[in-house]
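Peer 1: Pasted the sequence and its predicted model underneath.
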Amino acid sequence: MALHLVFLGRLEDAAGGGSRTVPLVPSIDALLDGLESGLASALRGPRVKLAVNGAVLRDGEAPVLRDGDEIAFLPPVSGG
Amino acid sequence: MSDVRLLAGAFDPARELSAFTAAHPGAGGVVSFLGQVRAGGGVEALELQHYEPLTLPAMQDLAKRVRGRWDLDGLLVIHRSGVMVPGDPIVLAAAAARHRRDAFAAADFAMDHLKSESWFWKREKAGGEWRWIEPRDQDFEDIARWG
């Protein structure tokens, strides 16, 4: 029972790696509460978007997490 | 049909443009934009990171929006990810249309939206150190003019 986390861009540095696997918890809030506080505050940044299994969450959306979900943390894009 | 590709390795813009042009003989005009890694500023390398579930699907959605907005014969969007060095092509956008104004506007719109909305994260290597690049205000201003 696990969640797969993906950290994009500068969040990769904050997390010390591009991805990690953590035990399943039911919500994004519970997930963030279980991470190091410095990383959690970077992930809670106002311009960081989240995607669950490739679908970007709208502001305030709080999905119930399930075993095997992939949660991606997306800082502002800077491409092209 | 649009040709939208996300590439992990180098591509040859001249060859791609030539094939695209040949595929649209009915178009009176083809407008293209090539973005390349800028030399100077001590930049040794540039890396574009993408996220598989989002990046290419969003590029395909953008292509659909462009096709819905202008009357085009063809649209080509090729974008690199991975590590590049100065002079390497990053992005090629080309629009083929019966009339040149549609082609100019479509390529311009596609580039503004690729720059400010697509799912890429950029870092530069200078002096042996990698540094993430934050988005530029100019990119948001560029996109705002499309309403």
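Peer 2: Arrived safely.

Peer 1: is it true that A:Glu61 lies in a helix?
Peer 2: No: A:Glu61 is assigned coil when assessed by DSSP: H, G, I helix; E, B strand; the rest coil, not a helix.

Peer 1: could you list every residue that touches it?
Peer 2: Shown in contact with A:Glu61 (Cβ atoms under 8 Å, 6 or more residues apart in numbering or on different chains): no residues. All C-beta spots, glycine's among them, are computed from the backbone N, C-alpha and C.

Peer 1: same check, this time on the one 3 residues further on
Peer 2: When contacts are counted by Cβ under 8 Å, 6+ apart, A:Val64 is found next to A:Pro26, A:Ser27.

Peer 1: Tell me the confidence at it?
Peer 2: Note for A:Val64: predicted pLDDT of 97.

Peer 1: for chain B, what are the nearby residues on chain A?
Peer 2: A:6, A:8-10, A:12-13, A:51, A:53-54, A:56, A:70, A:72, A:74-80 (Cβ under 8 Å from any Cβ of the partner chain).

Peer 1: just the buried members of those residues?
Peer 2: Neighbour-count burial (16 or more other Cβ atoms under 10 Å in any protein chain shown) applied to the residues of chain A next to chain B gives A:6, A:8-10, A:12, A:51, A:72, A:74-80.

Peer 1: so how far is B:Val30 from B:Ser18?
Peer 2: As judged by Cβ to Cβ, to the nearest Å, B:Ser18 and B:Val30 stand 10 Å apart.

Peer 1: what residues does the one helix or strand B:Asp102 maps to touch?
Peer 2: Using DSSP states H and E, B:Asp102 maps to helix B:100-117. Here helix B:100-117 makes contact (Cβ under 8 Å, 6+ apart) with A:77, A:79-80, B:27-33, B:35, B:58-59, B:62-63, B:65-66, B:69-72, B:75, B:77, B:79, B:91, B:93-97, B:135, B:139-140, B:142-143, B:145-146.

Peer 1: re the thing from before, and the buried ones among the residues of chain A next to chain B, which is the shakiest by pLDDT?
Peer 2: Out of these, that is A:Gly80, at 58.

Peer 1: circling back: if you count what's nearby, which of B:Ser18 and B:Val30 comes out ahead?
Peer 2: Taking neighbours as other Cβ atoms under 10 Å in any protein chain shown, B:Ser18 and B:Val30 compare with B:Val30 leading, 19 against 11.

Peer 1: Could you spell out the sheet neighbours of the helix or strand containing the more buried one, each with its direction?
Peer 2: Assigned by DSSP H and E, B:Val30 belongs to strand B:29-36. Using DSSP bridges, strand B:29-36 pairs in its sheet with strand B:89-97 (antiparallel).

Peer 1: if we can go back for a sec, continuing past the helix holding B:Asp102, what's the next helix or strand?
Peer 2: Taking DSSP H and E, what comes next after helix B:100-117 is strand B:120-126.

Peer 1: Now that following strand - C-alpha only, PDB.
Peer 2: Presented in PDB, the C-alpha positions along strand B:120-126 are these (Å, rounded to 0.1, in the frame of the first residue of the first chain):
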ATOM      1  CA  PHE B 120       8.700  21.900 -19.100                       C
ATOM      2  CA  TRP B 121      11.100  22.800 -16.400                       C
ATOM      3  CA  LYS B 122      14.400  24.300 -17.400                       C
ATOM      4  CA  ARG B 123      17.800  24.400 -15.700                       C
ATOM      5  CA  GLU B 124      21.100  25.700 -16.900                       C
ATOM      6  CA  LYS B 125      24.600  24.600 -16.200                       C
ATOM      7  CA  ALA B 126      27.200  27.300 -15.700                       C
END
